[in-house]
Every structure is written in structure tokens, then in C-alpha cells.
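**Q** give the three-dimensional model of this entry:
(chains A, B, C and D)
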Number of protein chains: 4
Amino acid sequence: MKLTILIHCPDQSGIIRSVTTFVHQQEGNVIYLDQHVDKQAGVFFMRLQSEFDREISLESFKATFETELADAFQMEWDIYTDDYQPKMAIFVSKYNHCLYDLLSRYNSGELKVDIPFILSNHKDLEYVAGQFQIPFFHVPVGKDNKAEAEDRQLALLREHGVDFIVLARYMQIVSPKVIDVYPQKIINIHHSFLPAFVGAKPYHAAFERGVKIIGATSHYVTADLDAGPIIEQDVTTVSHSHSIQDFIAKGRDLERIVLSRAVQLHVARKTMVYNNKTVIFS
Amino acid sequence: MKLTILIHCPDQSGIIRSVTTFVHQQEGNVIYLDQHVDKQAGVFFMRLQSEFDREISLESFKATFETELADAFQMEWDIYTDDYQPKMAIFVSKYNHCLYDLLSRYNSGELKVDIPFILSNHKDLEYVAGQFQIPFFHVPVGKDNKAEAEDRQLALLREHGVDFIVLARYMQIVSPKVIDVYPQKIINIHHSFLPAFVGAKPYHAAFERGVKIIGATSHYVTADLDAGPIIEQDVTTVSHSHSIQDFIAKGRDLERIVLSRAVQLHVARKTMVYNNKTVIFS
Amino acid sequence: MKLTILIHCPDQSGIIRSVTTFVHQQEGNVIYLDQHVDKQAGVFFMRLQSEFDREISLESFKATFETELADAFQMEWDIYTDDYQPKMAIFVSKYNHCLYDLLSRYNSGELKVDIPFILSNHKDLEYVAGQFQIPFFHVPVGKDNKAEAEDRQLALLREHGVDFIVLARYMQIVSPKVIDVYPQKIINIHHSFLPAFVGAKPYHAAFERGVKIIGATSHYVTADLDAGPIIEQDVTTVSHSHSIQDFIAKGRDLERIVLSRAVQLHVARKTMVYNNKTVIFS
Amino acid sequence: MKLTILIHCPDQSGIIRSVTTFVHQQEGNVIYLDQHVDKQAGVFFMRLQSEFDREISLESFKATFETELADAFQMEWDIYTDDYQPKMAIFVSKYNHCLYDLLSRYNSGELKVDIPFILSNHKDLEYVAGQFQIPFFHVPVGKDNKAEAEDRQLALLREHGVDFIVLARYMQIVSPKVIDVYPQKIINIHHSFLPAFVGAKPYHAAFERGVKIIGATSHYVTADLDAGPIIEQDVTTVSHSHSIQDFIAKGRDLERIVLSRAVQLHVARKTMVYNNKTVIFS
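**A** Model prediction:
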């Protein structure tokens, strides 16, 4: 049996020694340990994996961990077993490129999650859900029914026991009502530019400026639109010979790959968040 | 003898045919031709190289070109011979990384320019100029003497027949007084981020946000600070394990290489500017 | 109406002028021209697009082009209209990642081809063809029936008027019998390493050596296995922390994107082949 | 006072716990720990940094470490203090690009080493050593005096207490006689290609094949030429429009940056070698 332990706490002497000793006392063997100290913030981070020859109760392990270790170091922590497959809901709108990428990885067993449903404010991609035989819910969002739509979303998420949400080009602002229920558990993707362009048509602005590099950023959703902690980024080169349509096509390729990588990191429990930034253990 | 012709003009029928026919009439042979049409702006761009078996007078060639061709198509154009080595002034402040990179390329014959002088508002890098036996001028710039300093700069530039200026981490704002004399002939380098961070300490802001990619941008200097037409960009990856000092060191490496590439493109006459963007013929 | 003209011929004076003049005489307007001279080989390459206000007969245009222009310059050439959608057959084996990538691009209208069928030596991916409602042919290839299998392949290709073939991880050697019918029209993808590793298990060899970069190469298939003209390449970084399984997963992501880019370049008529290398007009 | 401990040993239970406990007993505080297990080889690697409030004797610390810890786990280990600046000899031939890059980083304090001397089989770069006021030794290597030349090299290295050697485009094969004295302490740089080309003129071979990506690899020198453990690699894109000279110029830029990064990793004690591969702690 394998456990993954994620910890962050005020930086202090003896944390690694204490945690490895604790695992030893529980008859576990440390098979992976990565740690990081943000000296500026004074915060210690650790990701540790341990193996146990016998079956152990996750609940009682957690309880012992809390009383014997976590409290003393003021840890924020999580412990996961590797045999649980997280439940991932996908929210989409009309673009299918990120959706297809996620589903083909799911389909080939590369992305180890359950997908209880795909949800959209439009019916355009219902056929894709059908291709992969995944339930599809059409929840239209308009000016007048935003609150009801979110209640419907939350009901569906609860009913299906969803662990985290991927906005695969959802094109709608997710309100704090939903974010508060899924803190650091909603993953978004958006284009990025070097330098950045603010406003409604960033690809057009980047094209006007003649940028040579365009990018995409995947991040956890916070109340501050598109400014949440960054999980993954990538870029590609462009030139004057590319039209705005070429920019957008190259952007789609980046969005696909960057979103999938971010989702994989989240599923593998390799991301930790604090102060609006991430520690990504590779 | 080899000529490089750069043209941009309103897009219209017959330009390529007319120019290649003109070169043929002058007994030249086209050895390279690259063109681009910005459909949105309706502008045609061309870079053409031609070889001549005989020596020809650049002045009379230019005169004929203007009357027989350029006027009819409302061309903005330049014609260069390959045997002229442009004169490049370098402005620096206290950082030596970009300066060393330029000088070592100059020294090995890779960067085909003359360097009449290095100019700085500080004396810190005088020794580097000494190592490479290049004249060094110390022109301090303060609140009270900005106008005089610029007059001094302009006098030196004129006196040495400088063709273009490289700001190799000059750290001072160049005023329109100098820019107007060297339009699209002053090359600057600055860091860039994905997404961008505005303000005094961008590296710190990027670090705070936990970005995964940092970059550098080289551009022609315009009156609008750091917003001139982009010549070259590049990026590198960072992670939570890098400190602000690591960010800055990686940024220096990018600045070095991106500035040198931009200078090489400028020297090779591969850059054209319009509407605050560039066409870079590769 | 829009025509794309691809030419290569011995380098000589007057080609560009003659071709642009010819297009003008046919009442066409050159909207794009890119050319390249391989000085070492003495070969001239050109890709030219021209627009015509009136409908013109492709057949008669080609005939005139041949007699008035191509013969004189000893050109190898092709002329395409933009309204023809090429027919692309996909050969697969058991891996689905490249297949899904191509089909999702096809499905979203990004990849402008017809797909008459998917062919495989195994039945494993028949369900994917079903998801996208594309005919699937199972043509097993064994030691004893290789010749018959190839006859069956050629019959299917001919019957469906296939223009080019994509080997989306086909895992079988395509024999000269098929290659000769589709010269420079079969696109393959394979992993590449820096430095390269020869032999049966390159990922294992690369892992053993501790390489920091792995790549993928897409090329036209020639009789010399995996050594045909390169269309597109890309790389990604790895480290000691990645297992062989991680190497392979990262390799899959590269294969996906590199193969799709190569196919797009081929479909856009941006590739020219000579002497076992390519000119890729961007 | 700060110590960096590097360990590798057979993978077994309790290593992290034992080492962190040992550091604690010595009144040190672990400030950084990174570990890696190569499951295939069954080897455990660790890099650990610890801080001590008091001055401690490195010699006695090492002795205690050996008897109380290293022997039990069959560790191969090294312990370094941060206040020692390693002595780096540079071997060059006629190319100056890597040399200038190293010296400018040394000069700006970015590369924290002492450089007792630069050695070359030619006199071409003596002037560069002069520019930076570093002793230069001319040790010609010919068919007839190879053994004497190496004796002279070894004498110089010993006399100046050199810790490691950088071959900054040295262009000569270093024989086992020297390698054996500096195992995993000689850093080389060479170009790499995707796919690789063997033989005398790899740039020409890569050009002939029309590759789209070229690279550079820095590695520790072993008896097997250019096949030692890889420290760092990087690549850049090329196209048909680049000549062999362009390939070589782009290759020089890669060599510069890749060699400097490899040297920095070595100096920071972030590299460990086993089974002809490296673990690079970032």
C-alpha cells in the first residue's frame, strides 16, 4: 500500500527528521521525498511517498499523524492513497480542442480519473460526450439565471461526488459561490503573451505589436479573474508571416497540451498552493 | 558586387515583377527574394538581394531606382552594399553581461561592425572597453544635466558617424531628442514575463506570482518606453525552486543572447518596421 | 480563384521574373512568393500563390505553364487549386494517441482533408474509427502474407483515390511496392534522441545514458527506414527524475504534435523534397 | 557555516531518517534536501545542505560521518563547505566563443571559481588570457610528443592544485592518463543532432539531411569519446534557409550557454554520476 503525504507549515528545525521517523514508526518505508523552503515567506513544503507492506487504515493513520505530528508543527496537510481515482468534471463551451485532448488521454488510460459528466452552457459539444459515452448536462447561463445555473452546477457536482473541475475553454466566469466549494480545485487555461496584453482581444493586440512568442497558462481559479496560482505554462514562436488565425491555431495547440499537463500534475498530487503561487514537485 | 534592397509600399499588383525586371535591366541577378503582405494593413514588404558581375555606382543605381520604380509604387526603400561595415555605438551602465557578449562576438569576427566607442553614465565598465581597446566615454546623466548629456551624446554620435546604437542594459531613458535622430536605429533589451508584470520590480512580481517561464525582448526604441517594435524574443523555464537571484541570473542569460540576435538581424538588414511592428526576414 | 505553384529547377538567372511575368500574362495577381536557393546543390525552389478574378481551367493553365515556362527552365513543378480537399488514409496499429489527435483536428475543421478510411493490421482501434464514423479496414500483416496484404492496401488506396498516407504509429515497415506508388506522399513519425540511439529499444538506451532532451521527427517515408526527408521535429526536456514510462509518455505528446504539424504542412503544399531533404516554406 | 553533503548508496530503508538525525545530533539544521531513487539500478541519491550556528571542523565532521553513518549504508559520499572556491583550469584550442563566455561570467562574479591558468595546444588565444590577466600555458600536442605533453599538463594541474578541468572546445582527445587523475572532473562540450550523425563532419551531415533542430551536449569526459555522462543539453531550430555556416554559428551559441550551465552545476555540487549517467539536482 502506498501513501502520498503533502505538507506545508512554518519553516522550522526538525521537520524532515520527525516525519521520516513517524513513517518509520508506522512501519512504512519512505520511497520519495521532495521538499522546498520559501525563505522569503518562511514556509516549508514537503511531498513524501511511503510504502507499507501491510494494509493500513487511512483514517487511523490520518488521526495519528494529526495528533502526533501535524499539530506540533502547525502543518496544513493531506494524505492520499494511490488506489483512489479522483472524479473530474469538465466544463466546456463551444471549442472542442481541449475537450478532445482530455478525453483521448482518458480513453487510453493515460489520465487516471473518473469523469462523471461534461457540463456546458451550450449544446454544441454534446456529440463529443456521446462519442466517448460520458453523460452531458446542458446548463445554460444567461444574465437572468446565473444564480439558478450555479445552483444546478453545485447540485450536479455534489450529487456525483466531483473532486475537481477542469474548465476546458468554458468561456464563463465562475463565481465565488462555486470557487468557495472547490478552492484550488478548479483548473483553467488561458492564452498568455510576451509581453502581456490586457483586454478583450489579446490575440489581435499581440498581432498588432508583432510579438515573436505566444503562450498559454494553466492556473487554479480564484476570485481574481485569470490571476490564480500558475500550474503550468508553455510558449511557441510566431513571426510576421503568421496571421491572427495562425496565432489562434497555435494558441489552441498550446492550450491543449498545457491544460492536460496541469491536470496530470493535479491528479498526481504534485501541486501545492500558498500565497497565490504554487510549488510543483516534479 | 552585391546589393540588398528593402522595400515596403501599399500592396498592389505587379511589384515583384517590376522589381525583378528592373534588376534584370541593370544586368543584375536576383539571388534572394523574400516578401510579405500584411493583408490587414494592406502593406507589401520585400527583401531582395542581387549580384552584379561589374562594379556599379550605388548612387546612380539608387537614383534610377527612385525615378523608374520607387515613385510609381510609393515605396519606402533602402539599398545597401555588402562591403560597408556599419558603425555601432554601445551604451552601457553597470551590468557587463550584454557588453561582454557583444564584444566577444565582435572580437571573433562574428559580428561584422565597427565600434567607434562605448558610452556610459558610470565608469564601472571602462575597464571592459580597455580589455578590448575600444574608446570609452563617460557621460554622467543626472536630473540637472540631462539636456547637456544628450547634447554630448549626439555630438559624439555625429562626430564618429555612428549608424546605430545598442543599449546594452543602459538603464536610462533615451529621450525623443536622440530617438528622432536615430529612428528605428536604437536597439534595447529588457526582461519580459508570462504574464507580464508592470512596475518597478518585475522579477519580484513574477517570483511572487510563481511564474514558470521568464523571457527577454529586444526592440527598437520609440518614445513609448519599452513598447517599440519587437525584433527578437526568447524564454526559459523556472520553477518554485529558483530564487529571485536565480530568476535574475537566468534573465541575464536571455538578455545576452536575445540582444545579440537582434543586433545581428539589424546588421544583416533583415528587419523592417511599420506601424510599431517588425517584419523580420530570416 | 487561387492557385499554388511549386517549382524546383537548376538555379539560373531570370526564374522569378519569368514566372511572375507569366502569371501576369494569365491575368493573375501574385499574392505570395517564397523562394530558396540551395547553393551547394545549385537548385532553385519557389512557392508562389496567385489569385485570379475569373474562373480558369486548371488543365489548360498547366498545359500553358509547361510549354511556355517549365520546359525552358527544366522545372519540376506542381500546381494546386485551393478548393480541392486531399484524400488522406491513416494507417495505425495499436497506439491511439496520434490517431485521436488527427481525428479531433479533422473533426473541428482544423485539418482540411477527407479521410476515406483508417487501416490497421490489428482490430484494437476499430472503435476509434467508429467514434468518428470513418470506415475501418483490418488488413493483418504477417510473415506469410506480406505481399497479399500490400496488394490489399494498394487496392484500397486506389479504389478510394487516396492522395497521401499518414502512418500514425503504424509499427510496420512499408515496402517499396507501396512507397513507389506514393513517393513523398507517406508521412511517418518516430522518436528521436539527442544524441541518437540505434537499435530496438531507444527509450531504454536514452534512459540508460541519462539524456536531458528527447524528441520526435516526422518525415517522408523512403526505402531507407527512418532516414527519409525530415518535415518537422520537436523536443522536450527530461531529467533523472523521469522513469522510462515518463520518457515514453512525453514522447507520445511529442509524436502527436509533430505528426499533426507535418500533416498540416503537407496539406498546405508547403513542403518540397529533393536529395533526401526538404524545403519547408512557412 | 554551511555544508553540502552528496551521497549515493544501495537503496535501503532508513537513509533519510538516519542522515537527518545525524545532522541534528551534530547540532546542524537541514535547509535543503533532495533525493532520488533509481529503481532500476537500486541506487539511492541524496543532496543535503545543513547550517551550523557554530564553526565546525570539516575534517572531524567527515570522520564522524564516515564511521557513524557512511560505512553502515555503504555510501559513496562527499562533503563540501561553501567557503571554498574550486580551482578550474580551462583547456582551449583556437575557438574563443566558449572561453569568452566563461571568462566574462568569472569576471562579473557570476562564476565562483579560481582560474589558475588557461592551457592550449596553440598560441591563438593567448591574447584572451591576457585581456583577463590569467596565466596562459602553451603546451603543443603532436603525434610524437603526446606523452610528454600530458606529463606537462599533469604537472601544471598538480602544481596549481586544480580541482576540475573545462575543455572549452579543446579539440584534442584527452587520454586515460589525465582522465584517471580527474575522474568525473573534466567537462566537455560538443554539438549534437536530432537524429545524430556520426563521423568527421556532423554539421555537414545534418545539413545534408535537412534537420530542423540542432543541439549541444555537455558531459563528463570518460575514456569512451563523447559518450560520458550528460550534464546539460539544449537545442535550437534551423531550417532550409540556413547555410552550414549558419548551423555552425547557431551551434556556437548553444555550446557557449550549455557549457557555462554545466560548469555552474558542477561548481554548485549539483551533479552526481553513476553508471555513466548523471543525477542533476536543480
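
**Q** so A:V166 makes contact with A:P86?
**A** No. In this structure A:V166 lies outside contact range of A:P86 using C-beta atoms under 8 Å: 11.1 Å. Quick note: C-beta positions are derived from backbone N, CA and C, even for glycine.

**Q** what about the two, which has more around it?
**A** A:V166 (27 against 16; other C-beta atoms under 10 Å in any protein chain shown).

**Q** could I get the phi/psi values of the more buried one?
**A** Dihedral pair for A:V166: phi -110, psi 120, per degrees, to the nearest 10.

**Q** how close does it get to A:N276?
**A** 20 Å (C-beta to C-beta, to the nearest Å).

**Q** low-confidence ranges in the stretch 51-200 of chain A?
**A** Along the stretch 51-200 of chain A, segments meeting pLDDT under 70 span A:194-199.

**Q** remind me, longest helix of chain A?
**A** Longest helix in chain A by number of residues, with DSSP state H as the criterion: helix A:244-267.

**Q** buried residues, that one. List them.
**A** For helix A:244-267, a neighbour-count test (16 or more other C-beta atoms under 10 Å in any protein chain shown) marks A:247, A:250-267 as buried.

**Q** again, but for stretch A:165-177
**A** Buried positions in stretch A:165-177, judged by neighbour count with 16+ other C-beta under 10 Å: A:I165, A:V166, A:L167, A:A168, A:R169, A:Y170, A:V174.

**Q** including secondary structure and distance to chain C, could these go into CSV?
**A** Output for those, formatted as CSV (DSSP: H, G, I helix; E, B strand; the rest coil; distance: C-beta to the nearest C-beta, whole Å):
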residue, secondary structure, distance to chain C
A:I165, strand, 22
A:V166, strand, 16
A:L167, strand, 18
A:A168, coil, 12
A:R169, coil, 12
A:Y170, coil, 17
A:V174, coil, 24
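
**Q** now do the SS call for the spatially closest residue to A:A262 that is not a sequence neighbour.
**A** Spatial nearest neighbour of A:A262, chain neighbours left out: A:S218 (3.6 Å); criterion: C-beta to C-beta, 6 or more residues apart in numbering or on different chains. At A:S218 the chain is in strand, as set by DSSP: H, G, I helix; E, B strand; the rest coil.

**Q** residues near A:K39, how many?
**A** Around A:K39 there are 10 other residues, counting by other C-beta under 10 Å.

**Q** likewise for the one 5 residues further on?
**A** A:F44 has 19 neighbours, counted by other C-beta under 10 Å.

**Q** do A:Q25 as well
**A** Neighbour tally, A:Q25, other C-beta under 10 Å: 10.

**Q** for chain C, see how far away the closest residue to A:G142 other than its chain neighbours is.
**A** The shortest distance from A:G142 to any non-neighbouring residue, by C-beta to C-beta, 6+ apart, is to A:A149 (7.8 Å). With distances taken as C-beta to the nearest C-beta, to the nearest Å, A:A149 is found 26 Å from chain C.

**Q** helices or strands up against whichever strand or helix holds A:A149?
**A** In this structure, A:A149 sits in helix A:146-159 according to DSSP states H and E. If you count contacts as 3 or more C-beta pairs under 8 Å, 6 or more residues apart in numbering or on different chains; DSSP states H and E, helix A:146-159 packs onto helix A:176-179.

**Q** tell me the helix or strand right after the helix it packs on.
**A** Once helix A:176-179 ends, the next helix or strand along the chain (criterion: DSSP H and E) is strand A:186-193.

**Q** what's the closest non-adjacent residue to A:A249?
**A** C:E110 (6.7 Å).

**Q** is it true that that neighbour touches A:K250?
**A** No. Here C:E110 does not reach A:K250: they are 11.4 Å apart, not a contact under C-beta under 8 Å.

**Q** name the residues of the stretch 151-282 of chain A found near chain D, please.
**A** Within reach of chain D by C-beta under 8 Å from any C-beta of the partner chain, the stretch 151-282 of chain A has these residues: A:T237.

**Q** tell me how far A:L225 lies from A:I189.
**A** For A:L225 relative to A:I189 (C-beta to C-beta), the value is 14 Å.

**Q** more neighbours: those two, which one.
**A** A:I189 (25 against 11).

**Q** show the contacting residues for the residue nearest to that one when sequence neighbours are not counted.
**A** Nearest non-adjacent residue to A:I189, counting by C-beta to C-beta, 6+ apart: A:L259, 4.0 Å away. Contacts for A:L259 (C-beta atoms under 8 Å, 6 or more residues apart in numbering or on different chains) come out as A:C98, A:D101, A:L102, A:V166, A:A168, A:I187, A:I189, A:A216, A:S218.

**Q** let me know the closest of those to chain C.
**A** Closest approach between the contacts of A:L259 and chain C, by C-beta to the nearest C-beta: A:D101, at 7.2 Å.

**Q** the closest one touches C:S104, doesn't it?
**A** Yes. Here A:D101 reaches C:S104: they are 7.2 Å apart, a contact under C-beta under 8 Å.

**Q** the residue of chain A positioned farthest from its centre: what secondary structure?
**A** Within chain A, A:S241 marks the point farthest from the mean C-alpha position, 34.8 Å out by C-alpha atoms, centre = their mean. A:S241 falls in the coil class when you classify it by three-state DSSP.

**Q** and it, backbone torsions?
**A** phi -80, psi -10.

**Q** then A:H138?
**A** Dihedral angles (degrees, to the nearest 10) for A:H138: phi -100, psi 110.

**Q** so what's it closest to, chain neighbours aside?
**A** Per C-beta to C-beta, 6+ apart, closest to A:H138 is A:K123, 5.4 Å.

**Q** what's the burial count for that neighbour?
**A** Residues near A:K123, counting by other C-beta under 10 Å, number 11.

**Q** how far away is it from A:V162?
**A** Per C-beta to C-beta, A:K123 is found 21 Å from A:V162.

**Q** residue in the stretch 51-200 of chain A with the shortest distance to chain D?
**A** A:E51 (9.6 Å).

**Q** what sits opposite that residue in the beta ladder?
**A** A:K2, A:N29 (DSSP bridges).

**Q** where's it relative to A:I7, distance?
**A** 18 Å.

**Q** with neighbour numbers in mind, choose between those two.
**A** Regarding A:E51 and A:I7, a neighbour count based on other C-beta under 10 Å identifies A:I7 as having more, with 22 against 15.

**Q** shouldn't that one be within a helix?
**A** No. Using three-state DSSP, the secondary structure at A:I7 is strand, not a helix.

**Q** so what's it bridging to?
**A** Applying DSSP bridges, one finds that A:I7 bridges with A:M46, A:W77.
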